[in-house]
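Engineer: sequence plus the predicted model coming up.
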2 protein chains.
Amino acid sequence: MARVTIQHVAQAAGVSPSTVSNFLNDRQGRMVAATRVRIESAISELGYRPNRAARQLRNGKTQTVGLVVPSVGNPFWGAFAHEVEIAALALGCSVLLCNSERDPERERRYVEELWEDGVRSIILCTSLPSLQHVSHVIAEGLRLVTFDRPAQPNDPDSVVSISIDNNVGGQVATAHLLELGHTRIAFVSGSIRSVNRSARYRGYCDAIEAAGLSVADMPHWTGLDADLFGDVEAAEVGRAAAKDLFADPATAPTAVVAINDMTALGFCRGLRDLGLKVGQDVSVIGFDDIILADLYDPPLTSVRQPITRMAQLAVAEAVERGSNESTDPGSSVLLRAELIVRESTARLAGSDATSATTAGAAASR
Amino acid sequence: MARVTIQHVAQAAGVSPSTVSNFLNDRQGRMVAATRVRIESAISELGYRPNRAARQLRNGKTQTVGLVVPSVGNPFWGAFAHEVEIAALALGCSVLLCNSERDPERERRYVEELWEDGVRSIILCTSLPSLQHVSHVIAEGLRLVTFDRPAQPNDPDSVVSISIDNNVGGQVATAHLLELGHTRIAFVSGSIRSVNRSARYRGYCDAIEAAGLSVADMPHWTGLDADLFGDVEAAEVGRAAAKDLFADPATAPTAVVAINDMTALGFCRGLRDLGLKVGQDVSVIGFDDIILADLYDPPLTSVRQPITRMAQLAVAEAVERGSNESTDPGSSVLLRAELIVRESTARLAGSDATSATTAGAAASR
DNA sequence: TATGGTCAGTGCATCGTTACACCGATTTCA
DNA sequence: TGAAATCGGTGTAACGATGCACTGACCATA
């Protein structure tokens, strides 16, 4: 069961290995149609598959796309990784998955290692404000696509960013609660020292102020300033927040915007610990619309990220740039998030239903 | 920023590339201590990292472990993949992740491609009764570890299997419901034409019979025989099952054993559609104990798989065999599943509490 | 002092693919 | 008609690491 190499193909087709190589690398202008056909049939007859290692050694690069996510253990990232793999497969390349645990040092190490192993395109799911820790690799030519983090002023020029518009997302989520009559709305998140999280928080603030209320008057959870950031602990964060926010009933919120669904679900769990009913006693809205949002009891209202589309875009940017200059380098693609209204949010008991204004987003499916 | 190769190291250490290669490949008996030290310091000074592609081309193999899961979009597999990556990292190798979508043809293709790309160890998460579709690759020398599928009589000798004892798991889950006074217990799953699923089902049957009841008398969901199998659709399966099983109240179950947590959660969602309360009206038990089981409302009783430990074992078998003959090839490691009792299971209203016997598993945390 | 054995380390061919430089034959054009 | 350009294709030297077969120096034994 010896390997079939380019030499075997060349011999079978009656040409030199160079010609087969030219054929394989789309320099087909350099040969007559008959030769092309002979090579084609020799390849399929022998079942030839180019040797990746040899190619990589020669070229110094792979066809592999690196994907660095915080943690595939988190259902949102798991789902995203899945979509990325599907999209990459369709484009004929494989995906090397790395879990950064949101540790900048691990991000840096993974990016460097991938680069040194010949990976030339990486989808980096980070929300660090600065890309400084990987900028030297970008300078050497890495094709970097960030996901879940819009472009920042100091980003290297070549970086493309794919993200939802988190500010608008935060506004839509908050506006939804305001329209339901809530006026005591808390924002629950681990540390918001990250680009997308602070954008969501700003959206929340904007919506509050736009409604003539003051953010200072809102129930505030101090966990926002803490260093909790892990994706695995997201649910723990929500659970802890519920406990803290309802410690003093006088200052407790009637509605909550959670930074993501896992945190929202943890928050719901915390409410349950306290004997409170989600939807009924407290409205909760999350972000991402993971598969479990719809499964939960009550089903969770959430700001959906179109991950299938985003994964496609990210992969396309990562592998096709150059051949298909779809997006300008340095640009930021901001997709529109969609509000999915379910039953974890409800009209505040006793509030005036007629005060509702038009919602800025789509309705439930 | 030219690459630093083994030649540079050799020059810096004042030896030949061969000697450096000997050093790198643990043939250190072949050199004097002083040389060893010179090479060591040259490597760290120059920041040398061996070129994977070159190594692979020369040796015909990689240090990469292939991981084929049904879908990382499913939280259980996402969590498992995460654990595998951690375990592999600790052993200095990387993980190439593939989603088979439980399609035998995709499994085969991935395994073949990985093999041809020099991957010599694969953790295959399959539950197909036969490994025939990849046996030719195993025959060529692939180190295959199956996960979530105990060894079968016809498996090639070299295969090692890591799994929980699904039969016992099914028994424990069912016994738990019987002890709570339930006598109308349904088993809910997509197709059970897979090793682990049918084992769980047999465990269920065994427990029913052991209690002096008859499986034939139990409410039966016909979806068992259907072809639904996807991991993404697991929740849909559960939801559909709830709808069907409760169509006729006379034959409806009072408790349900679901094939996994996603299906259990979908089932709970289906109960909700019907206005039934989980725990209160119907007891539901799942498998896996994914992170969401504890978050759910009510928290889901589940049979936990010790995935961290299992991932470590799987990786160790995949990469260390030979150097550390920890397990005999052809053997099957069956770990003990642990029943985690939460609130989705409750005593059947009106049943005699004193009939409870000792449980065969640990209590809730 | 031959003979042989160890020790420490080296030379070289090789893995499969690629792309530059080149080549002979035909066509183009002034 | 001769010079140059084009066409279709080939030879060859890498890319970086590896490990077998080898060498020369040193030591021990007879």
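Structural biologist: Yep, that arrived. Residues are numbered from 1 along each chain as shown, chains lettered A, B, ... in the order given.

Engineer: what helix or strand does the residue of the stretch 51-200 of chain A found nearest chain B sit in?
Structural biologist: Of all residues in the stretch 51-200 of chain A, residue A:78 sits closest to chain B, at 2.9 Å by Cβ to the nearest Cβ. Bear in mind the C-beta positions are built from the backbone N, C-alpha and C, glycine included. Assigned by DSSP states H and E, residue A:78 falls within helix A:75-90.

Engineer: and for residue A:271?
Structural biologist: helix A:261-273.

Engineer: is that helix anywhere near chain B?
Structural biologist: Yes: residues of helix A:261-273 are located near chain B by Cβ under 8 Å from any Cβ of the partner chain, namely A:265-266, A:268-269, A:272.

Engineer: what of stretch A:309-324?
Structural biologist: No: looking at stretch A:309-324 against chain B by Cβ under 8 Å from any Cβ, there are no contacts, and the closest approach is 11.1 Å.

Engineer: just how off-centre is that stretch within its chain?
Structural biologist: 14 Å (Cα atoms, centre = their mean, to the nearest Å).

Engineer: and it, anywhere near DNA strand C?
Structural biologist: No: for stretch A:309-324, no contact with DNA strand C is found by Cβ under 7 Å from any atom of the strand; the gap never falls below 13.6 Å.

Engineer: next, the buried residues of that stretch.
Structural biologist: A:310-319, A:321 (16 or more other Cβ atoms under 10 Å in any protein chain shown).

Engineer: secondary structure of residue A:168: a helix, I assume?
Structural biologist: Yes: counting by DSSP: H, G, I helix; E, B strand; the rest coil, residue A:168 falls inside a helix.

Engineer: report how many residues lie close to it.
Structural biologist: Using other Cβ atoms under 10 Å in any protein chain shown, residue A:168 is surrounded by 20 other residues.

Engineer: ok so, going back, min pLDDT across the buried residues of stretch A:309-324, which one?
Structural biologist: Comparing pLDDT over these, the lowest score belongs to residue A:321 (63).

Engineer: so where do the helices sit in the stretch 251-365 of chain A?
Structural biologist: A:261-273, A:291-295, A:307-320 (DSSP state H, counting those that start in this stretch).

Engineer: of all the ones you listed, which lies closest to residue A:86?
Structural biologist: Minimum separation from residue A:86 across the helices of the stretch 251-365 of chain A (Cβ to Cβ) falls at helix A:307-320, 7.3 Å.

Engineer: identify the residues contacting that closest one?
Structural biologist: By Cβ atoms under 8 Å, 6 or more residues apart in numbering or on different chains, the surrounding residues in contact with helix A:307-320 are A:63, A:65, A:76, A:79-80, A:83-84, A:86-88, A:91, A:93, A:121-123, A:143, A:145, A:147, A:160, A:162-164, A:324, A:326-327, A:333, A:335.

Engineer: restricted to buried residues, select these in ChimeraX.
Structural biologist: This is the ChimeraX syntax for the buried subset of the contacts of helix A:307-320, where burial follows 16+ other Cβ under 10 Å:
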select /A:63,65,76,79,80,83,84,86,87,88,93,121,122,123,143,145,147,160,162,163,164,327,333
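
Engineer: is residue A:138 in contact with residue A:158, as I believe?
Structural biologist: Yes: with contact defined as Cβ atoms under 8 Å, residue A:138 reaches residue A:158; the gap is 6.3 Å.

Engineer: higher neighbour count, those two?
Structural biologist: residue A:138 (19 against 14).

Engineer: how about the secondary structure of the more buried one?
Structural biologist: helix.

Engineer: ok, the residue lying closest to residue A:241 once chain neighbours are set aside - contacts?
Structural biologist: Spatially, and ignoring its direct neighbours in sequence, residue A:241 is nearest to residue A:188 (4.5 Å; Cβ to Cβ, 6 or more residues apart in numbering or on different chains). Residue A:188 sits next to A:221, A:223, A:237-238, A:241, A:245, A:256-259, A:263-264, A:267 when contact means Cβ under 8 Å, 6+ apart.

Engineer: and the residues you listed, which is the shakiest by pLDDT?
Structural biologist: Minimum pLDDT for the contacts of residue A:188 is recorded at residue A:223 (75).

Engineer: can you pull out the strands in the stretch 201-350 of chain A?
Structural biologist: A:255-258, A:283-288, A:301-304, A:332-335, A:338-340 (DSSP state E, counting those that start in this stretch).

Engineer: and the shortest one, which strands flank it?
Structural biologist: Here strand A:338-340 is paired, per DSSP bridges, with strand A:301-304 (antiparallel).

Engineer: repeat that for the fourth one.
Structural biologist: Strand pairing for strand A:332-335, using DSSP bridges, gives strand A:160-164 (parallel).

Engineer: low-confidence ranges, the stretch 201-350 of chain A, go.
Structural biologist: A:224-232, A:321-330 (pLDDT under 70).

Engineer: give me every residue in it lying close to chain B.
Structural biologist: So far as Cβ under 8 Å from any Cβ goes, the stretch 201-350 of chain A lies against chain B at A:232, A:235, A:265-266, A:268-269, A:272, A:278, A:291-292, A:294-299.

Engineer: check the residues you listed and tell me the two furthest apart.
Structural biologist: Farthest apart among these - using Cβ to Cβ - are A:232 and A:298, which lie 24.7 Å from each other.

Engineer: which parts of chain A sit against DNA strand C?
Structural biologist: A:3, A:5-7, A:17-18, A:21-22, A:24-25, A:48, A:50-51, A:54-55, A:57-59.

Engineer: same thing but at 10 Å, please
Structural biologist: A:2-10, A:16-27, A:30, A:48-61, A:63 (Cβ under 10 Å from any atom of the strand).

Engineer: filter those residues to the buried ones?
Structural biologist: For the residues of chain A next to DNA strand C, buried by 16+ other Cβ under 10 Å: A:4-6, A:8-10, A:19-20, A:22-24, A:48, A:50-53, A:55-57, A:61, A:63.

Engineer: inside helices: which ones of those residues?
Structural biologist: Among these, DSSP state H puts A:6, A:8-10, A:19-20, A:22-24, A:52-53, A:55-57 in helices.

Engineer: which one of those residues sits closest to DNA strand D?
Structural biologist: residue A:19 (3.4 Å; Cβ to the nearest atom of the strand).

Engineer: kindly state the pLDDT recorded for the closest one?
Structural biologist: 95.

Engineer: what do you get for residue A:10?
Structural biologist: Residue A:10 is given a pLDDT of 96.

Engineer: residue A:41 versus that one, what's the distance?
Structural biologist: 13 Å (Cβ to Cβ, to the nearest Å).

Engineer: how about the residues of the stretch 51-200 of chain A by chain B?
Structural biologist: Going by Cβ under 8 Å from any Cβ, the residues of the stretch 51-200 of chain A near chain B are A:51-54, A:56-57, A:62, A:71-75, A:77-79, A:81-83, A:85-86, A:94-99, A:116-118, A:140.

Engineer: residue of chain A closest to DNA strand D, please.
Structural biologist: For chain A, Cβ to the nearest atom of the strand, closest residue to DNA strand D: residue A:31, 2.9 Å.

Engineer: in contact with that residue, which residues?
Structural biologist: Contacts of residue A:31 by Cβ under 8 Å, 6+ apart are A:19, A:22-23.

Engineer: and if you look at residue A:130?
Structural biologist: Residues in contact with residue A:130 (Cβ under 8 Å, 6+ apart) are A:152, A:154.

Engineer: can we see that at 7 Å?
Structural biologist: residue A:154 (Cβ atoms under 7 Å, 6 or more residues apart in numbering or on different chains).

Engineer: stretch A:142-154: which residues count as buried?
Structural biologist: Those would be A:142-151, for stretch A:142-154 by 16+ other Cβ under 10 Å.

Engineer: list residues touching both of residue A:10 and residue A:41?
Structural biologist: What both residue A:10 and residue A:41 touch, as defined by Cβ under 7 Å, 6+ apart, is an empty set.
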